[in-house]
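Engineer: turn this into a structure:
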Amino acid sequence: MIRRCLLALAIVFAAPLLFAAQPADILITGGTVLTMAGPDIENGSVVISGGKIVAVGPSSQVDAKYTAKTTIHARGSAVMPGFVNAHTHVPMTLFRGIADDRDLMDWLQNFIFPAEAKNVSRDFVKWGTRLAAAEMIESGTTTFADMYYFESDIARETKAAGLRGVLGETMIDFPVADNKTWDDAVNYIRAYVKQWKGDRLITPALAPHAPFTVSEEHLRQVRALATELGAPILIHVSETQNELDQVKAKHNGLTPGDYLDSIGFLGDDVVAAHGVWLSKEEIEKFAAKKVGVVHCPESNMMLASGIAPITQMRAAHIELGLGTDGPAGSNNDLDMFEEMASAARLQKVGRMDPKALGAHDVLEMATIGSARALGLADKIGTLEAGKRADVIVVNLQTPKTQPVYSVESALVYAADGSNVTTTICDGKILMRDRKVLTVNVPETLAKAKEYRDRVRKSLQSK
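Structural biologist: The predicted structure follows:
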């Protein structure tokens, strides 16, 4: 009898050991979890360890199983995947507002290209990227795709800020800040991809500017080089009617998408920004070849480029993402909340149909849709066990978001970047309680003002 009692006591005291809580790095608990892979979870939790998501579910079922070093209480907040800004030019934060209210060709040829020629350097790119990183962290973007110059320096700053990037070195048929000849650009690309390929946060890419600024010979060379290096391609395609006219005049009446297809350029490693003027036939080709397309509604509105046929692209099952474009006259900010709201409203008025694009649709485009377009859907874009821990917490207990009848509606049509309280990328907390932890914001703002004065002076000089 005594032996049985002792055995029973041993079992009782051993039970906690048999079901001991597992260690974890971060527990986010009590929020409304938008997994973007299934139904929302009211009063849900996300557990992070080793840079990965290890559990997602109701707090009542998850929390007791883990002992976390850091616990983030998210009651009254939405917990969701970090935004994936699938097209931008981040160092152009330092040109923010330089040449507003102009069409694309005037903006490029008479303002941006000259300003870049006089000002862009490795130091310019460094500080522009830091400024952009702070803005993106504050507004919940954890991954972005970039096209610019000195991209290896951008990669270094991106990694230091803790962000994830698909970063394309721009290739164009005239001398630019970092490469004065095409051969210089090719050599740079080879070294750049070799340096960064396989990095946990950085995906190096090739970024031929557009079909009207890069020759056929060079586009064919880019296609071959991307295949050889196993690196993706980022390119502007069919952004304006003017672009269509230029390409048609030069290539026997072919539209930009058809022209790229005719030279064997398209593939599932190509990400085409804009696609405003893609025809029905081009959309079908892009879908068949799994070309990613990135919608940039605020840029398209700002430059009066047109309204992209997003409903048709969705119907064709194109890999469709969302991007802000660059913050210099074609948008002026990197806030994906604003981009979502603009995307939904623009399709509604463009199609004269309030159901054309809904809140859930644009949330999907800004997260898993952009991840698919960039070829990263196996790693990011949803909150699921096994994926990289790119997570944001969005406070909905504010006058502009209350009352909440639908979390999706509150996020898309009411919230903005200032509602983000916590930003986590690859399991690292980049911002907590609105304090950015990986970028020296005051120093960066001071540098931005210095560059404003330099740029303004350079444009006044002959």
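
Engineer: okay, now the closest residue to residue 316 other than its chain neighbours: neighbour count?
Structural biologist: Excluding the flanking residues, the one nearest residue 316 by C-beta to C-beta, 6 or more residues apart in numbering is residue 287, at 4.3 Å. Placement of C-beta: from N, CA and C, glycine included. Counted with other C-beta atoms under 10 Å, the neighbours of residue 287 add up to 17.

Engineer: same check, this time on the one 4 residues further on
Structural biologist: By the criterion of other C-beta under 10 Å, residue 291 has 28 neighbours.

Engineer: just the pLDDT at it, thanks.
Structural biologist: pLDDT, residue 291: 98.

Engineer: now the helices: where do they sit in the stretch 351-462 of the chain?
Structural biologist: Assigned by DSSP state H, counting those that start in this stretch, the helices in the stretch 351-462 of the chain fall at 359-364, 370-373, 407-409, 441-460.

Engineer: out of those helices, deepest packed?
Structural biologist: Greatest average neighbour count among the helices of the stretch 351-462 of the chain goes to helix 370-373 (a mean of 28), per mean count of other C-beta atoms under 10 Å.

Engineer: other SSEs contacting that one?
Structural biologist: Secondary-structure packing of helix 370-373 (3 or more C-beta pairs under 8 Å, 6 or more residues apart in numbering; DSSP states H and E): strand 83-88, strand 292-295, strand 319-322.

Engineer: can you put those strands in JSON lines and add mean neighbour count?
Structural biologist: Formatted as JSON lines, the helices and strands packed on helix 370-373 follow (neighbours: other C-beta atoms under 10 Å):
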{"stretch": "strand 83-88", "mean neighbour count": "31"}
{"stretch": "strand 292-295", "mean neighbour count": "30"}
{"stretch": "strand 319-322", "mean neighbour count": "26"}
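
Engineer: and the helices of the stretch 351-462 of the chain, which one averages the lowest pLDDT?
Structural biologist: helix 441-460 - the lowest mean pLDDT of the helices of the stretch 351-462 of the chain, at a mean of 93.

Engineer: check contacts around the closest residue to residue 213 other than its chain neighbours.
Structural biologist: Using C-beta to C-beta, 6+ apart and skipping residues adjacent in sequence, the residue nearest residue 213 is residue 172, 5.2 Å away. By C-beta atoms under 8 Å, 6 or more residues apart in numbering, the residues touching residue 172 are 208, 209, 213, 214.

Engineer: so what's the second one closest to, chain neighbours aside?
Structural biologist: It stands for residue 209. With sequence-adjacent residues excluded and distances taken as C-beta to C-beta, 6+ apart, residue 209 is closest to residue 172, at 4.3 Å.

Engineer: residue 340 falls within a helix, correct?
Structural biologist: Yes - judged by DSSP: H, G, I helix; E, B strand; the rest coil, residue 340 forms part of a helix.

Engineer: hmm, back to that, in strands only, show me the contacts of residue 172.
Structural biologist: With DSSP state E as the criterion, strands contain residue 208 from among the contacts of residue 172.

Engineer: for the contacts of residue 172, work out which two are farthest apart.
Structural biologist: Using C-beta to C-beta, the contacts of residue 172 reach their maximum pairwise distance at 208 and 213, which is 8.1 Å.

Engineer: returning to what we had before: from residue 121, how far off is the residue nearest to residue 209?
Structural biologist: 17 Å (C-beta to C-beta, to the nearest Å).

Engineer: can you pull up the bridge partners for residue 234?
Structural biologist: residue 271 (DSSP bridges).

Engineer: more neighbours, residue 208 and residue 213?
Structural biologist: In this view residue 208 and residue 213 are compared by other C-beta under 10 Å, and residue 208 has more residues nearby, 27 against 18.

Engineer: what's across from that one in the sheet?
Structural biologist: Bridge pairing for residue 208 - DSSP bridges - gives residue 171.

Engineer: good, wrapping up.
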